[in-house]
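J.: sequence unknown, structure follows:
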């Protein structure tokens, strides 16, 4: 060309930091409230302006204790305002907050805290007995800060009192540092159904982008007049990011403390005029039963939606809330490795005129990917992506700016494909609209002659037989087909069904090659410590592996 | 410490690209529609799936013409689907789309196209007469592609027909490249009230982040069941980003073509069941007058909000739409240098119980900063930020991930502070809630003894005097105070008012030191070519400069 192009202009390089969420919340949304329920069910009320000032004091206090860039600060806490303060102060000062799952065995907690190299820990006073069971096994811990959720803190043994630390800290704003947006913000460990728990590190960037997408109207749609109750614990994948999304949007927060039973959750929702609540299906099954017992008695009219994730919500529950109580369920799927949101079962416009059954079929799916989460499913690691036809099963793979690229210590490398996608371990179908339906876990699916057979679908069908109490389907080795399905069955007291009867029961719903080759009657099915079927044992004892 | 921390896990480095908006729109939101009104008022209807396929063909065609990474591809187009296709295909292939403002003088268009080094141009057939007036002055142009908006395209002179190019392109998906998220996506030139127009370059990252924040419920809140009408031209700061935000959210789009008069806009809104429309105040003043003439005749019940920006909307208009027609105005402020959204006049929850006047006072402000836009205002470049008290005036400065860091060719460096903030040139107050109110342009404010006096506020008050047709207030040099205000006044036919009368009229609203030292009666006030007061001339001739 005869002319030379001038230098192009540039946009500013401003990093995406949690610091902006905090500072914006404390100023623009300074009036939003944070209500925390204590173990004695009293409630403490603060504003986002308060949280901003207290986070600043917490950062001063932690800095005085030697916390610097990259230091791991653990929490062993229920959901409350001090936990929120740690969620913001620790990452914004450049350190890393590590949320410990208080439901784990003390030995696992010790392993995880040691593995993460936690140096400081915030512990609820009510959880000190649990802490005492593993504290000695974590030599890296230098400071223990006790949050006095259940009364005065005893500092005679070297423990520090959270509120005293804050009160003694300088009242001037903490000089939040400029950070790289890829700096680590939070560590969450996976629950580890196989092998040791794995650590996932959320960055400032991943957290901010996750919050922005969560805030979109068709994702979770938080607004400044929402009142959000995270029943999901803050040690469970950042409470699905809701605390950060609330800070971003100015939505108020209600924290339940340790009271996660359905009646307590219901009462808190009524008293605090909650508009959005989020938790695992168990909570909502309990709430639905309570509401059904006393229709119309409890005013939940402010509830805009309840978000359900963590495991699949039964369609009957979704329908029950909608039809009997006018409450819309938002069914979502995520993983610790995804910061955690991956898909949301949002009804597209063209489906809103469909009949209730067709709508329910979508609302009970895992949903379509949210913006910037890319998905595909594969039959084999090095095979092509499978068609989005709603029928072909394959393992779900995903990538995106808030999908983990590695675990702490570079463990578990086999979870990533050669071209950089994360293998979720879930076997799914994807339909032409992008709606995902989980049909099995990858390790449980039965691969027969190149075709995939869903163990979960067969189990559900078997358990609908009047004589069957429970059933577990697993893969047996087979010379011709590679694998063939076998069903372990526990019959109800005094009931029996022959193999032919069971096979006939299944034959009406599944192709012939899906039908189990054998049925093994048992008194009980072996289970893991968390109550899941121990299929590895079934495979070994009854599958010829 | 006795232990070593293991390597931290990482999140994936997935870039924020417009490509994701395009691919997501074409698949997840493939059913959303794009309606384009032609010069003859017929309407063409496509889906996002169509747009995806056509953008792919456009990229193939442009690549065949030699467009590569960084090539500038200009548009001289009204708002329609081909313009949208250029908005996505050009940046996603790594080139840069440059939207030319068809309202500029041909000499300015020539300057801008030369300055940007445009090599390819898309021109509406209906705009070929305008193009002919400056084409020869842009030697860098190699290819002219004509969009046949108004009939068949004459290709005998070397022009190419847009639809023919698309039809001849391979029907296979274009292999969109992996790009750096900071890569240039679009160039927009400022209108240039002083000096030459300046080029602002939007990156993929800035566009994506701007879209995510625009989509938030309390910003613009686009959803997949919205039908968005950008009346604001696509050559005006990316139509405020609405096309990209619509693609991200799955909202449908309606493009008005060249028909921007109030009656045409009203009819299109009714016919296409528009839910969100966006444009400058002039459009909406016209629409309000039309609606007032025929109350209830036109069904605009689907309208959720109309977004007003570009210049300040009169409070009476905002009130009129709300009270007489139930239409909520979203008043926003932005600049070409901000991609362009900066502030939105969203009513915070605690204000929703306020009386109508108090609400209007907020709704008619420029609004509070949207997430990731930081603001401050200053009395002097090297002075401290001023208090957010709703009274102290200073020049608005801003920074954020979609604020320009430089212009094309590094021109206009004096627009940035030493610590990297962009100086907007607007004089504002900021109140404690963060609501911004523009009181003047920086170059017009009168600085008297260290205090700032708003020329605009004095002018508005003077023009409310029954004898005054128009008034312009400007700074006169003053030995004691530095500057003092002087008012140029044009009286209505047959009316007069003495200096004392005018001063008394102002004295009820302003502090004594604000009152103009002198009044200069004129037959007419000198104006710029775009109709704005030419205060520089007033200062020279009547201000002692």
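T.: All right, it came through fine. From a predicted model like this one, the values you see are computed outputs, not experimental measurements.
J.: For the stretch 401-545 of chain A, which residue gets nearest to chain B?
T.: Among the residues of the stretch 401-545 of chain A, residue A:409 lies closest to chain B, at 3.6 Å counting by Cβ to the nearest Cβ. The C-beta positions use only the backbone N, C-alpha and C, and glycine is treated the same way.
J.: what about that residue, which SS state?
T.: At residue A:409 the chain is in helix, as set by DSSP: H, G, I helix; E, B strand; the rest coil.
J.: Could you find the closest non-adjacent residue to it?
T.: Spatially, and ignoring its direct neighbours in sequence, residue A:409 is nearest to residue B:6 (3.6 Å; Cβ to Cβ, 6 or more residues apart in numbering or on different chains).
J.: Spell out which parts of the stretch 1-150 of chain A neighbour chain B.
T.: Proximity of the stretch 1-150 of chain A to chain B, by Cβ under 8 Å from any Cβ of the partner chain, involves residues A:1-14, A:16, A:20, A:24, A:27-28, A:31, A:70, A:72, A:96, A:114-117, A:119, A:139-140.
J.: Just the buried residues of these.
T.: A:5, A:8-12, A:14, A:16, A:20, A:24, A:27-28, A:72, A:96, A:114-117, A:119, A:140 (16 or more other Cβ atoms under 10 Å in any protein chain shown).
J.: quick one: which of those sit in helices?
T.: Under the assignment DSSP state H, these contribute A:20, A:24, A:27, A:114, A:115, A:116 to helices.
J.: which sections of the stretch 101-250 of chain A are below the confidence cut-off?
T.: Low-confidence segments of the stretch 101-250 of chain A (pLDDT under 70): A:192-194.
J.: Do you have the strands of it handy? List them.
T.: With DSSP state E, counting those that start in this stretch, the ranges of strands along the stretch 101-250 of chain A come out as A:120-124, A:143-147, A:160-161, A:184-189, A:199-203, A:227-230.
J.: after the strand or helix carrying residue A:506, next one along is what?
T.: Assignment of secondary structure by DSSP states H and E places residue A:506 within helix A:499-507. Counting by DSSP H and E, the element after helix A:499-507 in chain order, helix or strand, is strand A:518-521.
J.: Contacts made by that next one with the rest, please.
T.: A:476, A:486, A:487, A:488, A:489, A:490, A:491, A:499, A:502, A:542 (Cβ atoms under 8 Å, 6 or more residues apart in numbering or on different chains).
J.: Pop out the phi and psi values for residue A:424.
T.: Here is the backbone geometry of residue A:424 (degrees, to the nearest 10): phi -80, psi -20.
J.: Strands of the stretch 301-450 of chain A, start to end?
T.: Here the stretch 301-450 of chain A has its strands, by DSSP E, counting those that start in this stretch, at A:305-308, A:329-334, A:341-344, A:368-369, A:374-378, A:394-399, A:422-430, A:436-441, A:446-448.
J.: what comes into contact with the shortest one?
T.: Counting contacts by Cβ under 8 Å, 6+ apart, the residues outside strand A:368-369 that touch it are A:342-346, A:348, A:375, A:398, A:433-436, B:28.
J.: In terms of distance to residue B:85, which of those residues ranks first?
T.: Nearest to residue B:85, judged by Cβ to Cβ, of the contacts of strand A:368-369 is residue B:28 at 18.7 Å.
J.: quick one, what contacts the residue nearest to that closest one when sequence neighbours are not counted?
T.: Spatially, and ignoring its direct neighbours in sequence, residue B:28 is nearest to residue A:434 (4.8 Å; Cβ to Cβ, 6+ apart). When contacts are counted by Cβ under 8 Å, 6+ apart, residue A:434 touches A:368, A:369, A:375, A:388, B:27, B:28.
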